[in-house]
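Enquirer: need a 3D model of the following:
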Amino acid sequence: MPDGSGPDGADASDAGTRDQAAEVASEGGPDAGVDSGLDSGLDSGQEAGGNACSTPDVQIPGLRVDTIGPPGGTYEGPAIVERSSATELVMAFTPTDARDAGATSALPLHARIHGLSPMPAFPLGARVWLSKSPAGDPPFSFFGPASWSIAVRDKQGGRLLFGAAKEPAKAAFAPLSFDNVRAVCSGAYSDSCASGSVTHSSVEVHGDTAVVITDGQTRAVRAGGVDYDVTVMARDITTTNVRCADYYAYDGLAVDVRARDLGPLVAGLEVGAPIACPRGNEDLKEVGFSFYEVPLSTPYDGRAFYLKRRPDTAYECFQFKPVGVMGAAPGDTPVLEFCTSPGLFREPTPNQEFWVTTTSFRLAALRGPNRGSLLLAFVYADAPLDAPTSAQLESVLGVHLEARELCRYADGDPTRGAPVSPLWELAFGRTSPVALRTDGHAVVPIAGKDYDAWMWAQGPSLGLSLAAR
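Expert: Residues are numbered from 1 along each chain as shown. All right, here's what the predicted structure looks like:
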């Protein structure tokens, strides 16, 4: 999404990386009795069949996780599913000593998992067994953690449901194990920040039998009566020309493991009461806003004419031409852009007239012509709302908003003196207010019309999206 459209947080698995995952054709040298489909030999820059030894831009592991709560430690113990949406799975777990989380945590930690395709649907309150290292995210670094892992099982010592790791420990995904890393091919390497050379390798994955998987491949491996899709990154990159100050080569060994038929395994989970302070369980939809060719936080309140729809991989982005923008440099062509989740806004006809109000990159509203009915709105604010912010929101949106602390969600980072992280509730209206909680959805009346509203929150930062029904 454009700037300000969503929570800002680096994933534990890919913080600050420019990572590229290899996908190479099958080749290599299997041992007797190992299912591989590989031919023997190390090829310098060329694979069997004439395919180049290349490193396309693919994320491995696909599963990513970031954790809300204190940093450090490792964790091995029970976890409770608190949120399961089409894009995110959140598991709450409570460390019991300093080894588990760097410091004893009075409140649960919350592992937010995404990147599984498709995301599995878990019942809220489901009990699972979680292995996670580190338990809490380390301090942000452009270079990311040297190693990390997460594994989710149906119970202690039970069946593995899914997991991922960078430089996995030997027993991280038992009964699956990984060894015998062997070079397959070498070739030139380049990306937008560096160039050099890369060596791709294969890895033996041991389950009921051994299967050799080459860098970038996904293959089926059966272990303990369950079929798993296993994806491997196994490569070494040597850079000779680095052009970005914060660059590092994302290489080494990484794995992504998922049970092929998760449905029956999930259906058999024990389900109990949810945690005391859970996030909402709505599939969030978003509205984002950008103002191009102007200084940051340039305000605008005036007519805007529809230009075109900009292609975007995940969102629908609609561009509008403002009429007379204060502060725009001569020769610049300012553009107002609203991006939405698919299906929230019907594309206008070219040159159709609207009215746009934006006070900064934190607040924008799209209306019908001549300050007509509200159509879309985006808000990014800090809670609780101070009086000037509340007054500004009411002026632009046409409804009074109040942010209330709903409950204490997670401890902050004690090394930074960070406060407890709460969950929030937005109240719309002064009489009989409509309440909207973190990661929730509500239907909100504004000036006689109904609007879909969604809210996310990270610490004191709130993001609100509004769309006319």
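
Enquirer: for the rest of this, base every contact and every neighbour count on C-alpha atoms.
Expert: Fine.

Enquirer: tell me the pLDDT at Tyr250?
Expert: For Tyr250, the model assigns a pLDDT of 86.

Enquirer: next one: Leu344
Expert: 96.

Enquirer: try Ser5
Expert: pLDDT for Ser5: 36.

Enquirer: the one 5 residues further on now?
Expert: If you check Ala10, the pLDDT there is 35.

Enquirer: would you pull up how far the helix ranked longest in the chain lies from the middle of the chain?
Expert: Ranked by number of residues, the top helix in the chain under DSSP state H is helix 387-397. Computed by C-alpha atoms, centre = their mean, to the nearest Å, the chain-centroid distance of helix 387-397 equals 30 Å.

Enquirer: show me the shaky parts of the stretch 1-150 of the chain.
Expert: Filtered on pLDDT under 70, the stretch 1-150 of the chain yields the residue ranges 1-58, 97-105, 143-144.

Enquirer: for the record, mean pLDDT for the longest helix of the chain?
Expert: On average, helix 387-397 scores 96.

Enquirer: so what touches it?
Expert: Thr357, Leu363, Ala365, Leu374, Ala377, Val399, His400, Leu401, Glu402 (C-alpha atoms under 8 Å, 6 or more residues apart in numbering).

Enquirer: and the protein, what are its domains?
Expert: 43-267, 287-468 (automatic domain parsing).

Enquirer: return the most buried member of those domains.
Expert: Ranked by mean neighbour count, those are led by domain 43-267 with a mean of 20 (mean count of other C-alpha atoms under 10 Å).

Enquirer: ok, now which ones touch the closest residue to Ala468 other than its chain neighbours?
Expert: Leaving aside its chain neighbours, Ala468 sits nearest to Tyr451 (4.5 Å; criterion: C-alpha to C-alpha, 6 or more residues apart in numbering). Counting by C-alpha under 8 Å, 6+ apart, Tyr451 touches Val443, Val444, Pro445, Leu466, Ala467, Ala468, Arg469.

Enquirer: tell me the predicted confidence for Tyr451.
Expert: 98.

Enquirer: that one should be in a strand, yeah?
Expert: Yes: Tyr451: assigned to a strand according to DSSP: H, G, I helix; E, B strand; the rest coil.

Enquirer: numbering from 15 from now on, please.
Expert: Renumbered: residue one is now 15, and that last one reads Tyr465.

Enquirer: quick revisit: can you tell me which of the contacts of Tyr465 is closest to Gly87?
Expert: Of all the contacts of Tyr465, Leu480 has the smallest distance to Gly87: 39.6 Å, by C-alpha to C-alpha.

Enquirer: assign a three-state SS to the closest one, would you?
Expert: From three-state DSSP, the assignment for Leu480 is strand.

Enquirer: likewise Ala120?
Expert: Once three-state DSSP is applied, Ala120 turns out coil.

Enquirer: before we move on, the earlier item: let's have the contacts of Tyr465 in JSON lines, adding distance to Asp275 and pLDDT.
Expert: Converted to JSON lines, the contacts of Tyr465 look like this (distance: C-alpha to C-alpha, whole Å; pLDDT from 0 to 100):
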{"residue": "Val457", "distance to Asp275": "36", "pLDDT": "98"}
{"residue": "Val458", "distance to Asp275": "39", "pLDDT": "97"}
{"residue": "Pro459", "distance to Asp275": "43", "pLDDT": "96"}
{"residue": "Leu480", "distance to Asp275": "37", "pLDDT": "98"}
{"residue": "Ala481", "distance to Asp275": "37", "pLDDT": "98"}
{"residue": "Ala482", "distance to Asp275": "39", "pLDDT": "98"}
{"residue": "Arg483", "distance to Asp275": "37", "pLDDT": "96"}
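
Enquirer: residue contacts, the spatially most central residue of the chain?
Expert: Among the residues of the chain, the one closest to the centroid is His128, at 5.6 Å (C-alpha atoms, centre = their mean). For His128, the contacting residues are Leu77, Arg78, Val79, Thr101, Glu102, Leu103, by C-alpha under 8 Å, 6+ apart.

Enquirer: just the ones of those in strands?
Expert: Arg78, Val79, Leu103 (DSSP state E).

Enquirer: report the beta-bridge partners for the first one.
Expert: Same thing as Arg78. His128 (DSSP bridges).

Enquirer: surely it meets Gly129?
Expert: Yes: using C-alpha atoms under 8 Å, Arg78 is in contact with Gly129, at 5.8 Å.

Enquirer: what helix or strand is Phe192 located in?
Expert: In this structure, Phe192 is located in strand 191-204 according to DSSP states H and E.

Enquirer: and that strand, how far out from the chain's middle?
Expert: The chain centroid and the centroid of strand 191-204 are separated by 28 Å, computed with C-alpha atoms, centre = their mean.
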